[in-house]
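J.: Just the structure for this:
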Amino acid sequence: MSAAPNTQQPAKPVRIAPWRGPLHFGLLVLSATISLALQLSYVLLVAGVFLWMCWQVYLITGSMARVGLFQWHMLPELLKFALMGITWVLMLRPLRPRPKHAKVAIQITAGTQPQLFELIHLLCWHLRAQPPTQVWLDTTISVRSTMFGGLTGILTGQTMLHLGLPVVSVITARELSGLLAHELSHNAGGLSTIFVHAVRETNAWFFRAVMERDAWEMHLREVPKKESSWRRYRRKIMRGWMWVAKIPFMVFALASRATSAVTLWVITRSAERCGANVIGADMYDRMQRKLSLLGSAWNAAEQEIQRGVIQHRLPENLSLLMARHVATTAKARASARVEAGEIRPEPSVEGKPAKGAALVAYLSHLQPAASVMRQFVDLSRQVTYFYYQHDLGLNLHEHRMVADEEVIHQNRREEEALLVIRRYFGGLAHPERTMCGLGSTPTSSTARAELQREILHVRDEVAAWGPQFKVALQEWNQAWQRRRDLEAAATLSLAGFTVSRMQFGTDDASPASLRTEAARQRMVMEHMEGPLQARERILEGRFAASLGMLWWSDLADLNDWLRTRRRDMSAWVTIYEAMAGALPSFRELLTTFFAFQTLGAKFANVDDPSAFLTALQSVVPKMLNLVRQIVATMDGAPYPFTDNGKAISLNLHLLPAPLPEMPSVSMTSLDAASMRAIGLKMASNASESIAPYVDAFLSLYHHAFAWLAESAERAETHFIGALSFGSATEILLPDEFTTQRLGMKARSPDAIAAWKPSV
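T.: Reported below is the predicted structural model:
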């Protein structure tokens with residue numbers, strides 16, 4: 001935490017806003033006058049069309065009074081009048097009261113965010129500008145200053161400041177001061193402030209009126225499943241008619257934009273110079289490069305949200321999620337520049353300082369902008385929840401809010417190994433459930449005919465009970481997922497964090513209640529083990545028969561790909577069998593490690609170090625004991641695929657360093673600082689040893705399982721032909737089929753032999 005800023009302002013303001021002369025003021029007045037005149041001109045155009053139609057009504061009624069109520073030669077006139085009337089009604093749409101789309105936002109005050117408001121008022125004092133009347137936090141990727149009330153509030157002079165929390169999450173505190181100076185400088189022109197906002201608000205209104213659509217307009221773009229030809233033509237004619245009616249308004253909007261282009265460029269350039277005068281040109285450019293990455297980060301976050309809606313697990317903090325995407329993209333670009341030999345110089349702190357550098361000197365270069373705000377993480381999480389509820393219309397009671405760090409391989413649907421497993425078993429094999437040791441190895445006969453009969457028999461059985469088994473497997477997976485969530489919530493509650501009981505349906509949010517519910521979910525999993533294993537035993541029979549057909553066949557009957565696979569088959573079977581035996585213990589490790597990761601993600605917000613240390617002691621020793629149990633189960637298993645060709649122990653490959661010893665802690669003899677330090681060291685040691693082990697175990701197990709599944713799949717295809725489980729059994733999603741098609745384009749059609757396009 002940085003030192004508190006000096007609240008005593010200097011006797012004389014520092015001029016950080018660029019000088020604006022009479023030419024600048026005249027340009028603003030001219031552009032604002034033209035933009036407002038164009039609005040008025042369109043109103044006069046619509047009024048003129050209305051008067052013309054009134055005149056036509058007068059002429060038509062007069063003609064009817066003279067020659068009769070209805071004459072055939074009047075039909076074209078009446079038709080023209082009707083078409084013009086409908087067009088005129090459509091021309092009125094841009095003039096309807098069209099408020100800005102209400103974005104979810106939270107208003108903050110100086111009482112709740114004193115540091116941020118102190119910075120804002122400091123910059124406004126040096127800019128000789130009125131501070132904003134209101135400050136709002138939202139989920140947008142921009143920081144903008146607007147007039148209070150839009151166009152109607154231009155004459156009041158009151159402004160509002162909107163801060164996008166994703167912006168705050170990716171920049172430093174000093175960069176935030178430059179960005180605030182950039183936006184607040186729009187209010188630093190005295191009388192010209194009114195014209196600055198008039199130009200900006202008028203062009204924004206033109207753009208919004210042209211581009212926004214009502215709900216019934218968007219409905220015209222939807223193509224019904226069953227639509228007659230005349231309805232389709234009517235829908236297209238109506239859409240085209242609306243565009244034709246809006247062409248005059250679009251002409252006025254383009255004219256306003258063209259006449260204001262130079263003025264808008266001058267306004268933007270002046271604001272950029274003001275921001276650079278506070279933090280320096282180099283730092284300002286670096287900040288703009290960061291902000292340019294927010295667009296792609298927002299698109300990635302939207303994909304995460306869409307995927308989370310399907311999985312009922314939504315990201316709990318959009319700001320931090322986008323910040324991680326920005327950091328990942330920036331790191332990738334930096335690595336690419338280094339590989340290409342392009343080294344971009346970092347901003348230098350030395351040299352000639354910026355004009356307003358002394359104003360923000362108390363802010364460190366490395367201090368994140370979030371540190372200027374109190375409880376930034378909680379505010380961002382709250383705004384995220386509001387965004388889900390009001391902007392997206394989601395019911396949060398149907399979803400679990402999870403942090404990005406809380407999920408191990410949350411979005412693994414496109415991993416090649418899992419695609420192979422899911423494809424071979426038709427979605428009936430859970431990637432973290434073993435398909436080994438449930439049944440006996442076929443020893444009665446190794447003849448190919450017997451093995452083929454076994455495979456065909458299982459294929460027929462799976463077609464009968466596959467859909468029901470898929471539902472049972474999904475229920476088991478949901479129970480395990482719920483148990484992981486409950487164990488994580490119990491650990492958080494033990495550490496002193498607030499946990500919502502509404503998400504878990506418990507009587508209260510105490511660790512005991514949450515662990516009791518987790519035990520119930522474990523009981524559900526145990527009760528389902530018998531029925532699941534009965535069907536998995538049948539699936540294993542097909543799996544073993546296919547591999548046996550590959551192993552016991554003559555080499556002359558195999559193609560080159562299968563002969564290569566047969567050479568390494570015994571080594572992969574040994575690895576798979578050893579790891580499959582330890583899989584039940586590894587699932588327990590995954591459950592506990594999930595709770596540990598959840599707790600580690602909250603370490604920055606710890607208020608009670610003793611409670612945090614107690615929570616760590618409830619999960620870290622258990623994780624270490626589970627790892628030791630897994631190591632003992634796989635004792636003696638070799639890993640032959642080393643760089644030098646010499647086999648080593650499988651345990652040594654997965655866990656090259658020994659496990660750390662946890663220190664004994666006496667809670668009564670330690671102060672808060674010591675407990676925080678011990679907790680940090682305990683979490684760091686456990687994370688450095690267990691996290692790589694979990695990733696390595698999962699990766700190798702999935703690799704071995706997929707290697708054998710692909711070998712069995714290709715052996716069946718070679719000797720029997722491809723199998724299609726049918727749409728009722730297969731659970732591959734459309735995006736996974738797309739992934740497989742891309743795999744076929746990138747390599748060879750033989751790389752994914754079981755996928756066959758529908759005929």
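J.: now the helix or strand Ile267 falls within: how far from the chain's centre is it?
T.: Ile267 belongs to helix 229-279 when assigned by DSSP states H and E. Per C-alpha atoms, centre = their mean, to the nearest Å, the displacement of helix 229-279 from the mean C-alpha position of its chain is 29 Å.
J.: relative to helix 229-279, how tilted is the helix or strand that comes right after it?
T.: The first helix or strand that comes after helix 229-279 along the chain, using DSSP H and E, is helix 281-292. Angle, helix 281-292 to helix 229-279, by axes from the mean of the first three to the mean of the last three C-alpha atoms, to 10 degrees: 160 degrees.
J.: Tell me how far helix 281-292 lies from the chain's centre.
T.: Helix 281-292 sits 23 Å away from the centroid of its parent chain (C-alpha atoms, centre = their mean).
J.: who touches that helix?
T.: By C-beta atoms under 8 Å, 6 or more residues apart in numbering, the surrounding residues in contact with helix 281-292 are 141, 167, 170-171, 174-175, 178-179, 272, 275-276, 279, 326, 330, 347-348, 354. Backbone N, C-alpha and C define where each C-beta goes, glycine included.
J.: do the same with stretch 498-512
T.: Contacts of stretch 498-512 (C-beta under 8 Å, 6+ apart): 397, 400-401, 485-486, 489-494, 513-514, 516-517.
J.: and it, average pLDDT?
T.: Throughout stretch 498-512, pLDDT has a mean value of 76.
J.: related to what we said a few turns ago, narrow the contacts of stretch 498-512 to those in strands?
T.: Counting by DSSP state E, the contacts of stretch 498-512 place 400-401 in strands.
J.: Name only those of the contacts of stretch 498-512 that count as buried.
T.: Among the contacts of stretch 498-512, those buried by neighbour count (16 or more other C-beta atoms under 10 Å) are 400-401, 485-486, 489-494, 513-514, 517.
J.: okay, how far is it across stretch 402-420, tip to tip?
T.: Chord length of stretch 402-420, first to last residue, is 28 Å (C-alpha to C-alpha, to the nearest Å).
J.: For Gly530, give its distance to Pro22.
T.: Separation of Gly530 from Pro22 (C-beta to C-beta, to the nearest Å): 88 Å.
J.: and if you look at Val694?
T.: 68 Å.
J.: Tell me who's in contact with the residue nearest to Tyr284 when sequence neighbours are not counted.
T.: Leaving aside its sequence neighbours, Tyr284 sits nearest to Ala276 (C-beta to C-beta, 6 or more residues apart in numbering; 4.4 Å). By C-beta under 8 Å, 6+ apart, the contact set of Ala276 is 178, 284, 354.
J.: Can I get these in CSV including neighbour count, pLDDT and distance to Tyr639?
T.: As requested, the contacts of Ala276 are exported to CSV (neighbours: other C-beta atoms under 10 Å; pLDDT from 0 to 100; distance: C-beta to C-beta, whole Å):
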residue, neighbour count, pLDDT, distance to Tyr639
Gly178, 27, 87, 54
Tyr284, 23, 86, 53
Ala354, 20, 70, 58
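J.: Among those residues, find me the one that's closest to Leu555.
T.: Nearest to Leu555 out of the contacts of Ala276 is Tyr284 (C-beta to C-beta; 68.9 Å).
J.: Buried residues in whichever strand or helix holds Phe594, which are they?
T.: Assessed by DSSP H and E, Phe594 sits inside helix 583-601. The neighbour-count check on helix 583-601 (16+ other C-beta under 10 Å) flags 583, 585-601 as buried.
J.: Spell out which helix or strand contains the nearest residue to Leu558 once chain neighbours are set aside, please.
T.: Closest residue in space to Leu558, ignoring its immediate chain neighbours: Arg566 at 6.8 Å, by C-beta to C-beta, 6+ apart. According to DSSP H and E, Arg566 maps onto helix 560-581.
J.: before we move on, the earlier item: between Val694 and Pro22, who's got more neighbours?
T.: Neighbour count, other C-beta atoms under 10 Å: between Val694 and Pro22, Val694 has more, with 21 against 7.
J.: If we ignore the residues flanking it in sequence, what's nearest Asp571?
T.: You called it Asp, but residue 571 is Ala. Ala571 sits nearest to Pro640 (C-beta to C-beta, 6+ apart), 4.8 Å away.
J.: Stretch 632-645: end-to-end distance?
T.: End-to-end distance for stretch 632-645: 25 Å, by C-alpha to C-alpha.
J.: For it, what is the distance to the chain centroid?
T.: With C-alpha atoms, centre = their mean, you get 39 Å for stretch 632-645.
J.: then stretch 647-660 to CSV, C-alphas only?
T.: What follows is stretch 647-660, C-alpha atoms only, in CSV (Å, rounded to 0.1, in the frame of the first residue of the first chain):
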residue,chain,number,x,y,z
ALA,A,647,13.4,-46.4,-18.3
ILE,A,648,12.8,-44.6,-15.0
SER,A,649,10.3,-44.9,-12.2
LEU,A,650,6.8,-43.6,-13.1
ASN,A,651,6.7,-41.8,-9.7
LEU,A,652,10.0,-40.1,-10.5
HIS,A,653,8.7,-38.9,-13.8
LEU,A,654,5.6,-37.4,-12.2
LEU,A,655,7.2,-36.2,-9.0
PRO,A,656,10.9,-35.4,-9.6
ALA,A,657,11.2,-33.4,-6.3
PRO,A,658,10.3,-34.7,-2.8
LEU,A,659,7.2,-33.4,-1.1
PRO,A,660,7.7,-30.6,1.4
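J.: Which positions in that stretch come out as buried?
T.: 650-651, 653-655, 659-660.
J.: could you dump those residues to CSV with distance to Ser63?
T.: Listed next are those as CSV, based on distance: C-beta to C-beta, whole Å:
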residue, distance to Ser63
Leu650, 99
Asn651, 101
His653, 97
Leu654, 95
Leu655, 98
Leu659, 100
Pro660, 99
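J.: any idea which of those residues is closest to Leu95?
T.: Leu654 (69.3 Å).
J.: Which residues are in contact with the nearest residue to that closest one once chain neighbours are set aside?
T.: Excluding the flanking residues, the one nearest Leu654 by C-beta to C-beta, 6+ apart is Ala696, at 4.9 Å. Neighbour list for Ala696: 653-655 [criterion: C-beta under 8 Å, 6+ apart].
J.: Secondary structure element holding Ala696?
T.: Using DSSP H and E, Ala696 sits in helix 672-719.
J.: Give me the angle between that helix and helix 583-601.
T.: Between helix 672-719 and helix 583-601, the angle comes out at 140 degrees (the same axes, to 10 degrees).
J.: Flag the shaky bits of the stretch 601-750 of the chain, pLDDT-wise.
T.: Applying pLDDT under 70 to the stretch 601-750 of the chain picks out residues 601-609, 662-676, 679, 722-750.
J.: related to what we said a few turns ago, what's the distance between the helix holding Arg566 and the middle of its chain?
T.: Centroid separation for helix 560-581 versus its chain: 38 Å, with C-alpha atoms, centre = their mean.
J.: list the buried ones in that helix?
T.: Those would be 562, 565-566, 569, 571-576, 578-581, for helix 560-581 by 16+ other C-beta under 10 Å.
J.: Stretch 286-293 too?
T.: 286-287, 290-291, 293.
J.: which residues in the stretch 401-550 of the chain form helices?
T.: 416-424, 448-494, 511-552 (DSSP state H, counting those that start in this stretch).
J.: out of the ones you listed, which comes closest to Ala683?
T.: Across these, closest to Ala683 is helix 448-494 (C-beta to C-beta), at 12.0 Å.
J.: Confirm that Ile305 sits in a helix.
T.: Yes. Assigned with DSSP: H, G, I helix; E, B strand; the rest coil, Ile305 falls within a helix.
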